[in-house]
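>>> sequence-free structure coming up:
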């Protein structure tokens, strides 16, 4: 079978190469349609942690992600330049849209594609006629709702959805020039309006309006008056990477143009918020894509050149991995899998990991060639020796990576699936490409190496790496008991430390400290509302139920409770508004700075008779009439906290952190309190950053535990079946298990958190079975050749050990490329992956060498009996 | 009452035939504003707000208005539902030429005081409906730059289509509108349709007059609907028992009377007096 395959390859090398090139060209063209999803949530949209926010958006305003512009003045923002800037920037931001000529082109292409659809053509003509303004938003949204009935393709429908949000993206605004405020002037006239509703607004008027005003403090303005915040809610789709970046760039441009045009404005201005986080992440992906790929290709080229010292030794593995990377990217585009912050590093992984097969085959080829064989014979011999292990290792690795699909984290699932796909096609390509190319081209030595007539072991002895390995591992073979105790101690210690690993996500902390985004995010989190929003919905199920005293008091107490947590900077609720109205309409009498009681009693004076009389007013009437004031005050702030029929209300809060463990701490503080204190019959729903990120971490921990266990069992089973030996199955698996434990232990020691990025490594470590398989097969081979266990080990470490070390170096150095990422999680990943693969290689050699007499007991027995038979037979 | 309160844009307008020969937008709008609509006016109003055609709320109130000297005053007194009953509003619009700021007063029974509300910002939703307080105001001609853009037929009625843009930020702050497009009945000088544009230039609201009746010789809008395209909601004003020239006393429109409110008996009394006359 193997021979037939080799005959076929040697017979049609050109055709095979042409076919590979054609397929690569096809995938290259397909990869041009690769979509991007830079939303950092990692969970699918229908995951409860994410879908709740979409449900909230159906009923409440103020529930979209926001861009935040913070103005900071060292003295006070209560100066004319700052107040004017707040007004001007708010008005300008309100009118923004993020469409450009590429969107117009998309619409024109849509018209061309459906020349019979008059409605589509007319609507697009109307949209294009006035240069695409937010006024076209309604029409664009109508097109979106009809696009499904017109049988537009999925891509065309998505393009329209993206366009409709880009053209009219601003859903809500908040800030001194946007948030409805309630205050009295010195004559007692009540104002229910935006505080700064014109340029050159009187500063004293503004100060009076915001002083001691809980509707405003920590939201639009900091208590010390040095920071003002403008909040712009955008409905740009979370997976519209380009739209997010355009929005971020537009805001930066808006601010910079304003500063240039108004030199009198001395404030520092910071821009942050969830859409900015998305955009900054997208910029990281773009940066990584542009820089990491060339770096990793350069690094592996150097390693291959150093290792093989031949042109083909560099070119063939490189072509192999580039092809498999192109095929994988193309396949992602074909099945509409997006490039996100995790899958963006797939090329780096593919380029390095998929080298493995090629390195093993090429190393064997050169090894065979040096022991005085002709080129074609060497190829044939190398392929016969290597097909079995590379197929085994690749299938095992693919299976292991596919196990990561048990994760509920879509990004990890895609990563696992496509790295498996990449490895599998790398195998196919290597089995065809390497023999075909070697059959076609003569060997191009960079440094000519003379052929010898020496044996395999003698050849290997000449290599420095081989000698080093022999020198290092000989004491292990000589002192197995001592090293076994040391190993067991290390393993137990590692298991303990691994159990202590910290699970977290640092959010903006992954960006460089000096990056604009990180500086802005930190500033807003430390000085004003905070960039992480959350919502708690109270659903009474009864029309008007949210306006009952019981619910209002519950919201009030809940709001007070959440503010006891150190991360909560700001909140906004029905209770807060009612309290403010109660306080204001009772002329700021401090005893009314609260929610009304069930019955309020007042003493009134009859204006006609001048006699006093007692009045009783129901607290529910006070609430209802306060809400009427709220409705009357203009804007849509009432729909930020109440749904249409007042059966539901929402409490909005913002946290001054982006760290997942802070979110968890906040939820631990809040959820039990709600459970204990919520009114009977109400349903509570949570949404926002804390819920999403803790769900991501929860899914991560679950998926990590389940997937790693399944992957380990898979590896064990595949090995047992392949080697037809439980002992050898364990020999292949124990090094992997030890490596995973040491890896997690190192994370604990180095205080590196387990996050979505670092979680990948455990799959990787479990999946990289090459080291143990190649080492085991070589030992088996040596034992079958009649060597004792120690002799077999020495020979195996000379030949396979050298290839393993070469692989370790390629992997470790290849992943050094990740150190050039702008995302700290990826830098950590680069460090850890290099480190873990290094550990994996060393642990494999160490553990198998250490326990070899037990692992290979069966092989040794068989060899001994064969020898005995040989001795006893008359021919011998 | 010399000047009519168009209630306007809300379409709560009265009218008589007026000569509209001038083709100038301001002249036309001035004619709308100056239509003879009697000395006083009273009506029982139902205000319904619907979301996606399901009823969100329904409110009933009395509306009384009168011209006192050059000013127009209006009282709105809520009858139902119970939780907002007896809330009342008093609005005084001064002659446009005086440039005097309008006055608004409100009485909330739960807070026991008649409170003056700033009239510099009238964008608030009237009783939570899609009509703003500004929409209830008397048409203001000089606050906007207006031009006739075309003639068009609305429900078979010939109209001037007038585009209006606010002259100042103050007007924007007060109205919340960055542009209005108004369809004025050429003959009856009624606003039959009006479109409202926001800061982004988005058409977000539209007024449509549903029914016009002739009551006591005055063309009277008896049904109008305001549709909010963004929120997909609409509010409808329905005017019942509309009466002109009932001889409503000035005292009814005093701030001091607001707290007492307009009772059913007051209205019955007014009607009885009118019948006796």
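On my side now, so go ahead. This one's a predicted model, so the numbers in the text were calculated from it and none came from an experiment. Numbering: from 1, shown residues only, chains lettered A, B, ... in the order given.

>>> Against which helices or strands is the helix or strand containing residue A:350 packed?
Element membership for residue A:350, per DSSP states H and E: helix A:346-353. Contacts defined by 3 or more CB pairs under 8 Å, 6 or more residues apart in numbering or on different chains; DSSP states H and E place helix A:346-353 against helix A:274-308, helix A:311-334, helix A:410-440, helix A:789-815. Where C-beta positions appear, they are placed from N, C-alpha and C, glycine not excepted.

>>> buried stuff in the shortest one?
The neighbour-count check on helix A:311-334 (16 or more other CB atoms under 10 Å in any protein chain shown) flags A:312-333 as buried.

>>> what ranges of chain A fall below the confidence cut-off?
By pLDDT under 70, the weakly predicted segments of chain A are A:38-40, A:372-373, A:404-408, A:442-462, A:633-636, A:867-876.

>>> Can you pull the domain assignment for it?
With domains defined by automatic domain parsing, chain A comprises A:1-33+A:309-453, A:99-168, A:460-499+A:725-876, A:532-687.

>>> can you tell me which residues contact the nearest residue to residue A:859 once chain neighbours are set aside?
Spatially, and ignoring its direct neighbours in sequence, residue A:859 is nearest to residue A:783 (4.6 Å; CB to CB, 6 or more residues apart in numbering or on different chains). Neighbouring residues of residue A:783 by CB atoms under 8 Å, 6 or more residues apart in numbering or on different chains: A:789, A:792, A:856, A:859-860, A:863.

>>> Show me what from the stretch 51-200 of chain B comes close to chain A.
Applying CB under 8 Å from any CB of the partner chain, we find that the stretch 51-200 of chain B lies next to chain A at B:51, B:56, B:83-84, B:87, B:108-113, B:115-118, B:120-128, B:132-133, B:169-170, B:173, B:176, B:197, B:199-200.

>>> Show me how to select, in ChimeraX, the buried members of those residues.
Burial among those is assessed by 16+ other CB under 10 Å; the matching ChimeraX selection reads:
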select /B:51,56,83,84,87,108,109,110,111,112,115,116,117,118,121,122,123,124,125,126,127,128,132,133,173,176,197,199,200
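
>>> circling back to that earlier point, now the domains of chain A in JSON lines, with distance to residue A:704?
Output for the domains of chain A, formatted as JSON lines (distance: least, CB to CB, whole Å):
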{"stretch": "domain A:1-33+A:309-453", "distance to residue A:704": "8"}
{"stretch": "domain A:99-168", "distance to residue A:704": "32"}
{"stretch": "domain A:460-499+A:725-876", "distance to residue A:704": "5"}
{"stretch": "domain A:532-687", "distance to residue A:704": "15"}
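
>>> Could you check the angle the helix or strand containing residue A:783 makes with helix A:346-353?
Applying DSSP H and E as the criterion places residue A:783 in helix A:770-784. Comparing the axes of helix A:770-784 and helix A:346-353 via axes from the mean of the first three to the mean of the last three CA atoms, to 10 degrees yields an angle of 20 degrees.

>>> how far does whatever helix or strand residue A:102 lives in sit from the chain's center?
Element membership for residue A:102 (DSSP H and E) is helix A:101-113. Helix A:101-113 has its C-alpha centroid displaced from the chain centroid by 32 Å (CA atoms, centre = their mean, to the nearest Å).

>>> can you check stretch B:260-270 too?
In terms of CA atoms, centre = their mean, the centre of stretch B:260-270 is set 21 Å apart from its chain centre.

>>> what sits up against that stretch?
B:42, B:44, B:62, B:64, B:75, B:77, B:79, B:86, B:88, B:107, B:246-248, B:252.

>>> burial measure for the nearest residue to residue A:586 once chain neighbours are set aside, as a count.
Counting by CB to CB, 6+ apart, residue A:586 lies nearest to residue A:592, which is 3.7 Å off, once chain neighbours are set aside. When neighbours are defined as other CB atoms under 10 Å in any protein chain shown, residue A:592 has 19 of them.

>>> cool, and residue A:645?
Neighbour count of residue A:645, defined by other CB under 10 Å: 17.

>>> what does residue A:596 give?
22.

>>> one step back: okay, the angle between the very next helix or strand once past the helix holding residue A:350 and helix A:789-815?
Remark: after helix A:346-353, the chain's next helix or strand is helix A:355-370, criterion DSSP H and E. Interaxial angle, helix A:355-370 versus helix A:789-815 (the same axes, to 10 degrees): 130 degrees.

>>> Going by proximity to chain B, name the top residue of the stretch 151-300 of chain A.
Residue nearest to chain B within the stretch 151-300 of chain A (CB to the nearest CB): residue A:193, separated by 3.7 Å.

>>> from memory that residue sits against residue B:121, does it?
Yes - the pair residue A:193 and residue B:121 passes the contact test of CB atoms under 8 Å, sitting 3.7 Å apart.
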